[in-house]
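[1] Got a sequence here, can you build the structure:
(2 chains)
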There are 2 protein chains.
Amino acid sequence: MAQSAPHTAVVTAAMLAIGDELLSGRTKDKNIGHLADVLTLAGIDLKEVRIVADEEDAIIEALNALRQRYDYVFTSGGIGPTHDDITADAISKAFGLACVHDAEAMRLLGEMYARREMEFTEARQRMARMPQGARHIANPVSTAPGFIVGNVYVMAGVPQVFQAMLDNVLPELRTGSRMLSRALACPFGEGDIGTPLAAIQKAHPSTSIGSYPKYDGMRFSTEIVVRARNEADLAAAASDVEQMILSLGESRPPPIFTAEA
Amino acid sequence: MAQSAPHTAVVTAAMLAIGDELLSGRTKDKNIGHLADVLTLAGIDLKEVRIVADEEDAIIEALNALRQRYDYVFTSGGIGPTHDDITADAISKAFGLACVHDAEAMRLLGEMYARREMEFTEARQRMARMPQGARHIANPVSTAPGFIVGNVYVMAGVPQVFQAMLDNVLPELRTGSRMLSRALACPFGEGDIGTPLAAIQKAHPSTSIGSYPKYDGMRFSTEIVVRARNEADLAAAASDVEQMILSLGESRPPPIFTAEA
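    Take a look at the predicted model:
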């Protein structure tokens, strides 16, 4: 499936995290940051994330918006065996497909429970449900598969399972030219660098220069990140940023206390 | 501004987290979970979260969708002094308002920098920009204010500043009847409890029963959370869940290893 994309191609993705527990604060999401890391390394641009509740209408609406706009959509959560796990139903509806007990998933799960001498309950059988014709995403942690339908990758919410499933699908994804980046630690606050940094950004339009304020409880510093799709552009802009930091340091020592956000 | 809402009123909110660094994985968001905790405690239902890049069109589109749908929208990020801080401009455009250097914010920031004998640079003056007529959100950490326009609360991305700003606006928010919840630890995996738990949910339609699988690397257990807007409903459903866990424990000991997600 891995297509030989031209080196300059941009491949985009979105994430849809599903679960009441993320919105109530009971669970702190760990999958968004992990997906962001993995996709960035792979050369896929994560462009948008949405978190919605375990509500069919909310899932369908968000999914349909995202899958039409981006090359890939990755979902997390709601594919377990309990009544509040409605992701398979919602995604089937979004695609206008029947949600069925997949024969191969029934076999995998049935064998696993038989081996363990556990009952293959109706609830457990729910984990075999997916849109008719969906492909599996193997689950090496706990057997119950995720699934792929169209450009949508439906994965578990438990981080260990989400990560294992993502590892399994990554080799088949089309990837773009990887965004290169270089981070430069800057001991000055954003207020000191804002004007010269804007000039550097203007002089290097093929790069994207971000500045991220850090606050250690006493003072602000900045991490400046230069991003580009080729090394020459990256190096030229990063060099200008380094020069800016050096000349700011010459004009005065780093401030003991700078208060700005 | 705190209106005396009827006790059963539901007040809804959404969050819009803004920043390339959240989508590249460079920064792991800490504000979503914090906002979720604070709003849940206050009796405001966080219904949806979106994360978008520092791109004007993306911010405007997400903001307009969310502000029309929910009682409140809270944003984080993009209000600093550098060229990639475009939140004030995007929000002004979304409301059809001019983005201006607010006179009071200019005074606050000018005085702060004068006290510190630091230059009030053009970049720093960017932090005084907001939609014409917006109200301030005080920033006790680093002076530069957030702002309120319509039902949208625009706050900083640095967690310490975001949290301080949220503390400042919380007293003025209209709150609904607080969602009560009780969490019950369950030593069984979701496959064991799925069928009886669905029956309990059906018998208590005024409650919302969620089950959250936990995986410790060896076995799954479950946290069951019952939520309701009044104590009697909550207690009745929670009691049935406790009974279910007890009778599952009588029928057999908790499994040593259960593999399911």
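
[2] per-residue confidence averaged over stretch A:170-183?
    Summarised as a single mean, pLDDT over stretch A:170-183 is 91.

[3] any idea how far that stretch is from the chain center?
    Its chain's C-alpha centre and that of stretch A:170-183 lie 13 Å apart, by CA atoms, centre = their mean, to the nearest Å.

[4] try stretch A:184-193
    Mean C-alpha position of stretch A:184-193 versus that of the full chain (CA atoms, centre = their mean) differs by 28 Å.

[5] Same check on stretch A:131-148?
    19 Å.

[6] per-residue confidence averaged over it?
    97.

[7] Give me the contact list for the host helix or strand of A:A199.
    A:A199 is part of helix A:190-203 when elements are defined by DSSP states H and E. For helix A:190-203, the external contacting residues (CB atoms under 8 Å, 6 or more residues apart in numbering or on different chains) are A:186, A:207, A:209, A:211, A:213, A:220, A:222, A:224, A:237, A:240-241, A:244-245, A:248, A:255, A:258, A:260-261, B:80-85, B:113, B:118, B:121-124, B:126-127. No exception for glycine: its C-beta is placed from N, CA and C like everyone else's.

[8] List buried members of those residues by neighbour count.
    Among the contacts of helix A:190-203, those buried by neighbour count (16 or more other CB atoms under 10 Å in any protein chain shown) are A:186, A:207, A:209, A:211, A:213, A:220, A:222, A:224, A:237, A:240-241, A:244-245, A:248, A:255, A:258, A:260-261, B:80-85, B:113, B:118, B:121, B:123-124, B:126-127.

[9] for the worst-scoring helix or strand of chain A on mean pLDDT, packing partners?
    Within chain A, no helix or strand scores below strand A:208-215, which has a mean of 88 by mean pLDDT, DSSP states H and E. Counting contacts by 3 or more CB pairs under 8 Å, 6 or more residues apart in numbering or on different chains; DSSP states H and E, strand A:208-215 is packed against helix A:190-203, strand A:220-228, helix B:20-24.

[10] With B:A65 as the reference, name the closest of these.
    helix B:20-24 (18.1 Å; CB to CB).

[11] Just give me how far the closest one sits from the chain centre.
    18 Å.

[12] Identify each of the helices in chain A and give its residue range.
    A:20-24, A:31-42, A:56-69, A:87-95, A:103-115, A:122-126, A:159-169, A:190-203, A:231-251 (DSSP state H).

[13] out of these, nearest to B:D233?
    Of all the helices of chain A, helix A:20-24 comes closest under CB to CB, at 17.0 Å.

[14] so where's chain A uncertain?
    Within chain A, the ranges that satisfy pLDDT under 70 run A:1-8, A:252-261.

[15] how is it carved up into domains?
    Split into domains by automatic domain parsing, chain A comes to A:11-172, A:180-251.

[16] Looking at the ones you listed, which one is packed in the most?
    Mean neighbour count (mean count of other CB atoms under 10 Å in any protein chain shown) peaks for domain A:11-172 among the domains of chain A, with a mean of 20.

[17] That one spans what distance, first to last residue?
    End-to-end distance for domain A:11-172: 13 Å, by CA to CA, to the nearest Å.

[18] cool, stretch A:174-194 as well?
    Length of stretch A:174-194, first residue to last, CA to CA: 37 Å.

[19] can you check stretch A:96-104 too?
    Termini of stretch A:96-104 sit 21 Å apart (CA to CA).

[20] Name the residues that touch that stretch?
    Residues contacting stretch A:96-104 (CB under 8 Å, 6+ apart): A:88-89, A:92-93, A:125, A:128-134, A:136, A:145, A:147, A:149.

[21] Let me know the closest of the residues you listed to A:V73.
    Closest approach to A:V73 among those (CB to CB): A:V149, at 10.1 Å.

[22] hang on, isn't the closest one packed against A:A88?
    No: counting by CB atoms under 8 Å, A:V149 stays clear of A:A88, with 9.8 Å between them.

[23] any shared contact partners between these two?
    Listed as contacting both A:V149 and A:A88 by CB under 8 Å, 6+ apart are A:130-131.

[24] Mind listing the strands the least confident helix or strand of chain A pairs with, and their directions?
    strand A:220-228 (antiparallel) (DSSP bridges).

[25] got a list of contacts for the strand it pairs with?
    Contacts of strand A:220-228 (CB under 8 Å, 6+ apart): A:179-190, A:193, A:197, A:204, A:206-214, A:234, A:237-238, A:241, A:245, A:258-261, B:21, B:24, B:26, B:142.

[26] ok, for the residue in the stretch 1-150 of chain A that chain B sits nearest to, nearest residue in space, not its chain neighbours?
    Closest to chain B within the stretch 1-150 of chain A is A:A123: 2.2 Å, counting by CB to the nearest CB. Nearest non-adjacent residue to A:A123, counting by CB to CB, 6 or more residues apart in numbering or on different chains: B:G194, 2.2 Å away.

[27] ok, that neighbour to B:R182 distance?
    Plainly put, B:G194 is 20 Å away from B:R182 if you go by CB to CB, to the nearest Å.

[28] try A:A13
    Taking CB to CB, one finds A:A13 at 38 Å from B:R182.

[29] ok, now A:M15?
    Distance of A:M15 to B:R182, computed by CB to CB: 30 Å.

[30] again with A:F220
    42 Å.

[31] Ok, A:L35 next?
    32 Å.

[32] end-to-end on stretch A:121-138?
    21 Å.

[33] What are the neighbouring residues in contact with the nearest residue to A:E242 once chain neighbours are set aside?
    Leaving aside its sequence neighbours, A:E242 sits nearest to A:L184 (CB to CB, 6+ apart; 6.3 Å). If you count contacts by CB under 8 Å, 6+ apart, A:L184 has them with A:223-226, A:238, A:241-242, A:245.

[34] got those residues as TSV, with distance to B:R107 columns?
    Below are those laid out as TSV (distance: CB to CB, whole Å):
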residue	distance to B:R107
A:E223	30
A:I224	30
A:V225	33
A:V226	35
A:A238	37
A:V241	32
A:E242	36
A:I245	31
